[in-house]
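A.B. asks: Prediction below, plus the sequence it came from.
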Amino acid sequence: MWILGVSTVLAVILSLLSGRWLSNIIMRPISNMINTMEDIERSGVPKKIPIYKDTKDELQTLANTFNRMIDRLEENFEKQSQFVSDASHELKTPLTVIKSYANLLRRHGLEDKEITEEAIQAIHSEATRIQKMTETFLEVASIEKEIELEMSVVNLVSFFQMILKQMKQVYKREISLHYEESPILIMADELKIKQVIIILLDNAIKYSHDKIEVFLVKNGDHVIVRIKDYGIGIPQEEIRHIFERFYRVDKARSRETGGSGLGLYIAKSIMKLHKGEIKIKSNEGEGTEVELILSASLEL
Ligand SMILES: Nc1ncnc2c1ncn2[C@@H]1O[C@H](COP(=O)(O)OP(=O)(O)OP(=O)(O)O)[C@@H](O)[C@H]1O
Ligand SMILES: [Mg+2]
């Protein structure tokens, strides 16, 4: 009886202790997670769950998955705040111009006709610039949401014929279209691809004075679009930067032609949504060639 009693008490104590030890092992990571999540809820700032030991169990997999999700959120968070600060920086210059001209008008009144005219002209053109910029900002915001594309079969030959006709009308420039077969079909979101093409043609028109050529080539299950100009070109060391947001090769020159440096960034984002590619070859003083690679459509 005595032995039975002692061993029962010992067994109870042992099982209590090991139960505690086991629940500690399981509960610690869970309470860690709860703490981190409560922290995030309170501060609104994404934060990772600390992982102290490599246990390779389900709980660690859960924590790792959570941390990966936080990584993505942080990336987006970073991107957004960078965009807000870049955008406000871009808006600052035209707003300063407007403000100083408004001040000038306030001080000198409307006596001096020449100053008045200059001020009104400047205010009008800077306000137009801001208006265009905000429209582009909205476009960037909508593309960064990675919206669903509305895919359909597009015949690039007739598509380009239509766009070039409109562009020639507006800009009075020589733009030729070359293709070896027709139709050339791709699977794409028609409006978004049109936006890419217009961004590229707009650059070719802005940064060159000579003819512009467009080539359409079908290559197996891909279609290649080349837009070639013979203008000022881009220095080699700048090419890798031109897809960045707000990047312009020569601020003074780009200011004259009136751009925000978002065109190629938008074009690249749209091509990424299409799982396509955009490449640029350029020689300073000789010209620029932009190449788009898209998936051909197998449907007829
Ligand atoms: N075809 C080209 N020839 C020479 N330089 C170019 C050409 N295309 C782009 N660039 C250079 O790359 C920069 C970035 O082009 P991007 O289209 O992104 O901006 P932007 O034309 O300055 O402004 P936006 O397109 O937003 O109105 C331009 O400022 C210009 O310096
Ligand atoms: Mg542009």
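C.D. replies: It's in. Ligands and ions are numbered 1, 2, ... in the order given.
A.B. asks: can we go C-alpha only for contacts and neighbour counts from here?
C.D. replies: Will do.
A.B. asks: Is residue 223 in contact with residue 296, as I believe?
C.D. replies: Yes. Using C-alpha atoms under 8 Å, residue 223 is in contact with residue 296, at 5.5 Å.
A.B. asks: what residues are shared contacts of those two?
C.D. replies: By C-alpha atoms under 8 Å, 6 or more residues apart in numbering, residue 223 and residue 296 have these common neighbours: 184, 186.
A.B. asks: what's the distance between the residue of the stretch 101-250 of the chain found nearest ligand 2 and ligand 1?
C.D. replies: Here the stretch 101-250 of the chain gets closest to ligand 2 at one residue, residue 203, 4.7 Å apart by C-alpha to the ion. Residue 203 is 5 Å from ligand 1, where distance means C-alpha to the nearest ligand atom, to the nearest Å.
A.B. asks: Next, give phi and psi for that residue.
C.D. replies: Main-chain dihedrals, residue 203, degrees, to the nearest 10: phi -60, psi -50.
A.B. asks: Return the helix or strand where residue 224 lies as PDB; C-alpha atoms alone will do.
C.D. replies: Following DSSP states H and E, the helix or strand that holds residue 224 is strand 222-229. Provided in PDB are the C-alpha atoms of strand 222-229 (Å, rounded to 0.1, in the frame of the first residue of the first chain):
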ATOM      1  CA  HIS A 222       5.600  35.300 -79.400                       C
ATOM      2  CA  VAL A 223       5.000  38.600 -81.100                       C
ATOM      3  CA  ILE A 224       7.700  41.300 -81.100                       C
ATOM      4  CA  VAL A 225       6.800  45.000 -81.500                       C
ATOM      5  CA  ARG A 226       9.700  47.300 -82.200                       C
ATOM      6  CA  ILE A 227       9.400  51.100 -82.100                       C
ATOM      7  CA  LYS A 228      12.400  52.800 -83.500                       C
ATOM      8  CA  ASP A 229      13.300  56.500 -83.600                       C
END
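A.B. asks: For that strand, the averaged confidence score.
C.D. replies: Averaged over strand 222-229, pLDDT sits at 97.
A.B. asks: Which strands and helices lie in contact with it?
C.D. replies: helix 190-206, strand 212-219, strand 287-295 (3 or more C-alpha pairs under 8 Å, 6 or more residues apart in numbering; DSSP states H and E).
A.B. asks: Sheet-wise, list the partners of the second one with their directions.
C.D. replies: The strands that strand 212-219 pairs with in its sheet are strand 175-179 (parallel), strand 222-229 (antiparallel) (by DSSP bridges).
A.B. asks: cool, the last one as well?
C.D. replies: In the sheet containing strand 287-295, the strands it pairs with under DSSP bridges are strand 222-229 (antiparallel), strand 277-283 (antiparallel).
A.B. asks: Redo those strands as JSON lines? Include distance to residue 114 and mean neighbour count.
C.D. replies: JSON lines is the format used below for the strands paired with strand 287-295 (distance: least, C-alpha to C-alpha, whole Å; neighbours: other C-alpha atoms under 10 Å):
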{"stretch": "strand 222-229", "distance to residue 114": "40", "mean neighbour count": "21"}
{"stretch": "strand 277-283", "distance to residue 114": "43", "mean neighbour count": "17"}
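A.B. asks: possible to save those strands as TSV with distance to ligand 2?
C.D. replies: Output for these, formatted as TSV (distance: least, C-alpha to the ion, whole Å):
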stretch	distance to ligand 2
strand 222-229	14
strand 277-283	13
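A.B. asks: how about those in a markdown table, adding distance to residue 266?
C.D. replies: Converted to a markdown table, the strands paired with strand 287-295 look like this (distance: least, C-alpha to C-alpha, whole Å):
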| stretch | distance to residue 266 |
| --- | --- |
| strand 222-229 | 17 |
| strand 277-283 | 11 |
